[in-house]
Structure formats: structure tokens, C-alpha cells
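Chemist: sequence first, then the predicted structure, then my questions.
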Protein chains: 2
Amino acid sequence: MLVDCGEATQHQLLRTRLSPLKLDTILITHVHGDHCYGLPGLLASCQLNGRTDPLTLVGPAAVWAYLQAVIEHTEMRIDYPLRFVEVSEALALEQGGFRITAARLSHRTECWAYRLQEARVTAKLDTARLQTEGVMPSPLYGLLQRGETLVLEDGRQLEGADYCIPSYPARSVVVGGDNDRPELLAEACRGAQLLVHEATYTEEVLQQVGPEPQHSSAERVARFAQQAGVPALLLTHFSPRYLLHPRRERDLSVEELRIEAQRHYTGTLFLARDFETYTIRRDGQVERVTD
Amino acid sequence: MLVDCGEATQHQLLRTRLSPLKLDTILITHVHGDHCYGLPGLLASCQLNGRTDPLTLVGPAAVWAYLQAVIEHTEMRIDYPLRFVEVSEALALEQGGFRITAARLSHRTECWAYRLQEARVTAKLDTARLQTEGVMPSPLYGLLQRGETLVLEDGRQLEGADYCIPSYPARSVVVGGDNDRPELLAEACRGAQLLVHEATYTEEVLQQVGPEPQHSSAERVARFAQQAGVPALLLTHFSPRYLLHPRRERDLSVEELRIEAQRHYTGTLFLARDFETYTIRRDGQVERVTD
């Protein structure tokens, strides 16, 4: 699954172990170039590399119109099944092991956040309940765990589903597009372990730039995440004025975004960098995977 | 000046000392994605980085239509002057110190080659002729070299332009797009020091693939360059089946393209790689600049 596809996404993928041929779903938050200019090339390379598996594209109608225009004007050919699903508040898609829903954001153009929730959580058998009800451990336990229906010698009928409980709570991540009102994500973030959100500026720079670009500051996102009780926050989409390796004293550093967010957020905070991998553990803890 | 702009061109430029803000002219050979999908992003980044200088885009009408569609669908904004010049056999443009002309190629879609000829060759004074005509060295020589008109004491009038000769022949390079008929470049290559041309396949693989993609083999380009007397040939646009670093015995190597071309061409042969720089010296020799 891929959320947004800026220019050179396919080139960056070449530097990972991921393959566009294994890609199942592409979710696009909005039609601005830095979020979708890599889409035509990625889809064209899938064709060139012999993809035959279907691919699902989710996004605003404008993204599909853009893609169709590029396909037509550049004589691009796609023979594998490409399905488009227009995003809406009613989106409820199960793809690649996730339940995908969406929340509308506030930006200069129609823009969305996607919530991905794990669809298939391993079930474990509620053995305590079974034993309370007088059903002692036996090979029948295995049948119940597979969801089958059992009729006991005393005539009682047991539905496996009634005795299966998730072995851990289903994990969720919310990935937002560009947005100047993080509070729009209050509902989507309920129960989510991780919010991925833009923090284009510090609050001071946002005030200088003015509200027109409709982006968030690190402070605004942090305040929202704190209030909503989101346990982990991954900030991204930093203005290029914030340097990863500042050299001169007047250079702004991405660390200023981190410091500002930390002032308003006590959860687990990350600043995104290219090629990083994160994991949400079964206990809900979010960790950066270093490799 | 940039010829063609595939996806991630702006990202590759970040790894060089070149800046899109100093870019004067973009020449696009044809509208296929691998030759123009980097154009919208490059132009958008120029805007983001505050470009105000005009930029000239040359190419088939389809390229302009594609760009306009992307601009419209993705709400892209360009405030600096962007001029489009439609390529044709009549193209005669002077940009960035070059005289630019074009030759039509043979591909699945309208496709062109561009010839760039040095426009401003340093002039030197034909002192031998002046002395034969009895005009002896004096400060007047400097005036003639600047192209001024002189009246001598004996009443003779001398036009500087008549006594100025180029200090070396103007240098030219021909850069082709995708093309299955190199011989279409016979006229454009006359007097050119260097031809940059695609060699997508070896002749054997081209025979297997069939003529439909309308690409050239190394052999066909080499035979043409030999017959046309082009002193240097730079091959590019290799099918990804030819590996730079083959690992297994059955892997095809780009060296096979070199070997095939060398069998039919005795001039200076190069196979293009990312980030290479070439120079055409004033004596016409083409060299790869290693740095």
C-alpha cells in the first residue's frame, strides 16, 4: 500500500526491497504535484515490467481526471486492471489486510486523510470462559478456534466465534494529507496508535507566511495530538527552509520543528526521513525500525 | 539547456552543480513519459524557488498540450514567463549561445532531433590578408577586429567584418529522440562533431522484439554514423535488459551494445551514463570530462 506518490517515488523504491509489482493499493490525499506527479511513471513502469495483477487507486476525482489526461496526452498504455475508487466520508474498503476509511481535511484543494486498520487480528480461544462453562481442554478446542460449531455430549451447541477473542486490539494508523485544521482528525484518530501528519512550518514561520497555503505548524499538530490522546505522532512534509544539516548560524534546522512539537506533546514523537521504517507493535507501541 | 526531461530530472540535478533557475531552454523530443514526465515538477520547483527569468520550451504541440493539462488538473501555478515554441523543420532559434534547428525522426509518435550549433565563435583578424593589401600592423587592427569601418589615408574603406575570420569552426552536436531510422539525420549531422542517439537494443534483440517499438539497434546507429562520417557517437537509452553490472552468466551487459557498435563504426564511441560530462574541443575532438 502506498500513500501519495510524489515525483521519483519509483526511483526511491529502487533503493528499497519493495517492488511496485507487489503494490496492491495507492491512496492519494490530493491532486497537488508533490503528492501525485510520480503516479503516471509508477503505473507506466508496472506495465513495462509485465504487471498483470489488478491495482486499486483511491483518491479525489481530480486525481483520476489528472491521470486520465496524462495517459491520453502521452499515449501511455496500461493493460493490467486499474480500478479507481473515489474517496468520500463513506469510504469503507478492505484492501491488503487493512480496513481503509477516510476523513476530509482543510487545504487549498480537496484533501483527505486515510485511516488504515488491521483487518485480520489473530484470534485466541477464551479458555477461561470455556472452563467456567465446564468445557475442559480437548482437541475440540482446536475446532472452536477455527470458528466451527460444536455439539457437546450433553446437547449444548457452541459457536466457535463466541469463544474467540482478538489476541490484541486491531492496530490503526491515520495518514493525513496537507491540512491546516488537525482537529478534523479527532474522530479518525480515536483508538489509533499513530498519526502521520504534515508540519510544514513552526508556528512563528506560519504566522509570517500567513494562512493562505493552508498548512499546519508543528505546534498545532502537537496540540491536537496531545488533546486527542494519540500515543505516537510522526511529523512530515517540512518546508525546505528547515535543513537536515544546517551549516550556518542563520540556517533553520528541522530540529526546531521537533522542539516546538515536544513543547506541546508528551507522546512518542518522530520526524520522518526518507527510507525509514516504523512498526506498530501488538502492544500498541510505535517504534522506528533501524536496519 | 536541457534536452528531454524524464521523471526525477530535478532530483538528479540536485546531485550536480547545475541549477534549474539558470536553465534557459528545454528541448523535448517527444511526448512519451520517459522523455517528459519530469517537466511539470521541474517547472513547479522553479516557481517555488522564486524564478522570474523567462524559460523557453521547444517541442511537439503534444508536449505543450500535456503540460497544459497537468497544470490545469493539478492547480499548478507558473508566474515566470514560459514561452512555447513548436518544433518544425523550419525551427531556427538562437538561445543560450546556440543556433537550434530540428530534424524529424521516425517513432511511434511525433519525434525530433535537435542540432545545437555554437552561435558565437571568437573572431580573429586575417592579418595575412591585411598585410598583403598593404595595411601594416597598427592600433587600427583592434578597431577592425571589433567590426568597425576604417577609412585609410589613401581613401580606401575597410569593413572589419571582411577581415574577421572565425578562430575555429563552429561546433555542433545533434541530439536525437527515439528513432528507428538514423539515416533521417544525414543532413543534420553534416559538419557536426557529435551525434547523441538512442541504441535501445542490439540488432539480435531488436529482431526478436520486432519493429513495433520503433527503436534503433546499436548496429544501425553505428552504420549510419560511419557512413555519414560523424566523428563521435554517444549512445544512450539502453533497454533495462542490458545491465551495467551483470552478475550471472545469462545477464546481458551494456558492453554488448558497445561491442556491436564498434564492429560498424571506427569513430570515437561513448556509451552514456548518468552525470557524465562531455566536451567538444575547439579542434573538434570530443572528450569525456572526468571529475
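Modeler: On my side now, so go ahead.

Chemist: where along the stretch 51-200 of chain A do the strands fall?
Modeler: Ranges of strands within the stretch 51-200 of chain A are A:55-59, A:82-86, A:93-95, A:98-104, A:112-118, A:123-125, A:149-151, A:157-159, A:164-166, A:172-176, A:194-198, based on DSSP state E, counting those that start in this stretch.

Chemist: which ones are touching residue A:12?
Modeler: If you count contacts by C-beta atoms under 8 Å, 6 or more residues apart in numbering or on different chains, residue A:12 has them with A:274, A:275. (Glycine included, C-beta is placed from N, CA and C.)

Chemist: chain center to the host helix or strand of it, what's the gap?
Modeler: Using DSSP states H and E, residue A:12 falls within helix A:9-13. How far helix A:9-13 lies from its chain's middle: 18 Å, per C-alpha atoms, centre = their mean, to the nearest Å.

Chemist: extract the C-alpha trace of that helix and format it as PDB.
Modeler: C-alpha atoms of helix A:9-13 as PDB (Å, rounded to 0.1, in the frame of the first residue of the first chain):
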ATOM      1  CA  THR A   9       8.700   7.600  -6.000                       C
ATOM      2  CA  GLN A  10       9.500   4.800  -8.300                       C
ATOM      3  CA  HIS A  11      13.200   5.800  -8.300                       C
ATOM      4  CA  GLN A  12      13.200   5.800  -4.500                       C
ATOM      5  CA  LEU A  13      11.500   2.400  -4.400                       C
END
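
Chemist: tell me the most buried of the strands of the stretch 51-200 of chain A?
Modeler: Comparing those by mean neighbour count (mean count of other C-beta atoms under 10 Å in any protein chain shown), strand A:194-198 ranks first with a mean of 25.

Chemist: what score does whichever residue of the stretch 151-291 of chain A sits closest to chain B have for pLDDT?
Modeler: For the stretch 151-291 of chain A and chain B, the shortest gap (C-beta to the nearest C-beta) falls at residue A:240, measuring 8.1 Å. Residue A:240 is assigned a pLDDT of 93 by the prediction.

Chemist: SS state for it?
Modeler: coil (DSSP: H, G, I helix; E, B strand; the rest coil).

Chemist: up against chain B, what does the stretch 51-200 of chain A have?
Modeler: Residues of the stretch 51-200 of chain A found near chain B (C-beta under 8 Å from any C-beta of the partner chain) are A:62, A:65, A:66, A:69, A:70, A:73, A:74, A:75, A:76, A:108, A:109.

Chemist: just give the nearest non-adjacent residue to the second one, would you?
Modeler: Leaving aside its chain neighbours, residue A:65 sits nearest to residue B:73 (5.7 Å; criterion: C-beta to C-beta, 6 or more residues apart in numbering or on different chains).

Chemist: the one you found contacts residue A:61, correct?
Modeler: No. Using C-beta atoms under 8 Å, residue B:73 is not in contact with residue A:61; the gap is 10.6 Å.

Chemist: and the most centrally placed residue in chain A, bridged to which residues?
Modeler: Centroid check for chain A by C-alpha atoms, centre = their mean gives residue A:175 as the closest residue, at 4.2 Å. Per DSSP bridges, the residues bridged to residue A:175 are residue A:114, residue A:196.

Chemist: show the contacting residues for it.
Modeler: If you count contacts by C-beta under 8 Å, 6+ apart, then residue A:175 has A:3, A:27, A:29, A:113, A:114, A:115, A:116, A:196 around it.

Chemist: now with 6 Å, please.
Modeler: A:3, A:114, A:196 (C-beta atoms under 6 Å, 6 or more residues apart in numbering or on different chains).

Chemist: and which of these is nearest to residue B:267?
Modeler: Nearest to residue B:267 among the contacts of residue A:175, counting by C-beta to C-beta, is residue A:3 at 50.4 Å.

Chemist: what's the spacing between residue A:26 and residue A:89?
Modeler: Counting by C-beta to C-beta, to the nearest Å, the gap from residue A:26 to residue A:89 is 20 Å.

Chemist: between these two, tell me which one has more neighbours.
Modeler: Per other C-beta atoms under 10 Å in any protein chain shown, whichever of residue A:26 and residue A:89 has more neighbours is residue A:26, with 23 against 9.

Chemist: run a quick neighbour tally on residue A:209.
Modeler: 15.

Chemist: and the residue nearest to it when sequence neighbours are not counted, bridged to which residues?
Modeler: Among residues not flanking residue A:209 along the chain, residue A:201 sits closest, at 6.4 Å (C-beta to C-beta, 6+ apart). Judged by DSSP bridges, the bridge partners of residue A:201 are residue A:217.
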